[in-house]
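Novice: only geometry, no sequence info:
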């Protein structure tokens, strides 16, 4: 009788233990994977932050920054991200001396630009643009270099109509200029008709002159100019990403390599370099690098 009573007690205890275990496994929200198999975001990653993040630098990154800022506002409405476009070199200097939280450079760092590091946010093709009335539709990198340096001075020499080539570009210190000249091998050799202070000004100048040629960030090109193919390759997101389009560069965040970012600035960097920002970057006309 005692053995039977003891067996019943052990059985009851076992059932209670099993029921408790099942209840815990079915109702514990912390350990349950989110939809798609990923874990629920941590409290830290979704925590609301506040503050101001000042960015300064490349004018070519204006469109990308606009899209990123708007997207980030939906995630962190308490953080204000300010953008000032004053050129890539100014963005590097600002990150070095701490006058901005994040510098913006549409080129890679030079050997003498120390104390900072580059974080690639996107890639961008540098489009070679001509007036829409110009019949020239394709040029090789070598021909582009010859037009830029004045070795070729008439459009008729590259399949166009008779007319004096007018070469437009950016001012010294521009990341777009640095990228163009580095890739085409024309550094300090270009013969500029005008050296303009923004991508928009270059586009406007080419749009207003039937003999003009210039370069501009692919993300900024509009219907007022014609982006030609280079070596038969059209400047697109796909050709920039796969490397077949020859004239391209990186869009970089420049930050101190010794002073930690504020929580707000770090949150913006993390967002901009995540897969969540890829559609925003693509929407701005640049090529996302995060998968």
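Specialist: Looks like it arrived, so ask away. As the structure is a computational prediction, the values presented were derived from the model and not from experiment. Residues are numbered from 1 along each chain as shown.

Novice: quick one: distance of stretch 182-200 to the chain centre.
Specialist: Taking C-alpha atoms, centre = their mean, to the nearest Å, one finds the center of stretch 182-200 at 22 Å from the center of the full chain.

Novice: and stretch 100-115, by the same measure?
Specialist: 14 Å.

Novice: in that stretch, what counts as buried?
Specialist: 100, 101, 102, 103, 104, 105, 106, 107, 108, 109, 113 (16 or more other C-beta atoms under 10 Å). Glycine gets a C-beta too; all of them are placed from N, C-alpha and C.

Novice: start to end distance for that stretch?
Specialist: Distances were taken as C-alpha to C-alpha, to the nearest Å; on that basis the terminal residues of stretch 100-115 are 14 Å apart.

Novice: circling back: need the buried residues of stretch 100-115 in a markdown table with secondary structure, pLDDT and distance to residue 136, can you?
Specialist: Compiled in a markdown table, the buried residues of stretch 100-115 are given as follows (DSSP: H, G, I helix; E, B strand; the rest coil; pLDDT from 0 to 100; distance: C-beta to C-beta, whole Å):
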| residue | secondary structure | pLDDT | distance to residue 136 |
| --- | --- | --- | --- |
| 100 | coil | 98 | 40 |
| 101 | coil | 98 | 43 |
| 102 | strand | 98 | 39 |
| 103 | strand | 98 | 37 |
| 104 | strand | 98 | 32 |
| 105 | strand | 96 | 31 |
| 106 | coil | 92 | 26 |
| 107 | coil | 91 | 27 |
| 108 | coil | 93 | 30 |
| 109 | coil | 96 | 35 |
| 113 | coil | 98 | 36 |
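
Novice: ok, so of these, who is nearest residue 176?
Specialist: For residue 176, the closest of the buried residues of stretch 100-115 turns out to be residue 106, at 5.8 Å, with distances computed as C-beta to C-beta.

Novice: touching, that closest one and residue 248? I think so.
Specialist: No - judged on C-beta atoms under 8 Å, residue 106 makes no contact with residue 248 at a distance of 10.6 Å.

Novice: now do the shared contacts for these two.
Specialist: Listed as contacting both residue 106 and residue 248 by C-beta atoms under 8 Å, 6 or more residues apart in numbering are 124, 179.

Novice: which parts of the stretch 51-200 of the chain are helices?
Specialist: Using DSSP state H, counting those that start in this stretch, the helices of the stretch 51-200 of the chain run over 62-75, 88-97, 141-149, 175-184, 199-207.

Novice: for the fourth one, which positions count as buried?
Specialist: Of the residues in helix 175-184, those buried under the neighbour-count criterion (16+ other C-beta under 10 Å) are 175, 176, 177, 178, 179, 180, 181, 183, 184.

Novice: cool, the second one as well?
Specialist: By 16+ other C-beta under 10 Å, the buried positions in helix 88-97 come out as 88, 89, 90, 91, 92, 93, 94, 95, 96.

Novice: quick check, nearest of these to residue 238?
Specialist: residue 88 (25.4 Å).

Novice: surely the closest one touches residue 174?
Specialist: Yes - here residue 88 lies in contact with residue 174, judged by C-beta under 8 Å, at a distance of 6.5 Å.

Novice: circling back: let's have the buried residues of helix 88-97 in a markdown table, adding distance to residue 279 and pLDDT.
Specialist: Shown next, in a markdown table, are the buried residues of helix 88-97 (distance: C-beta to C-beta, whole Å; pLDDT from 0 to 100):
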| residue | distance to residue 279 | pLDDT |
| --- | --- | --- |
| 88 | 25 | 94 |
| 89 | 30 | 94 |
| 90 | 29 | 96 |
| 91 | 25 | 97 |
| 92 | 28 | 98 |
| 93 | 32 | 98 |
| 94 | 28 | 98 |
| 95 | 27 | 98 |
| 96 | 32 | 98 |
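
Novice: great, nothing more from me.
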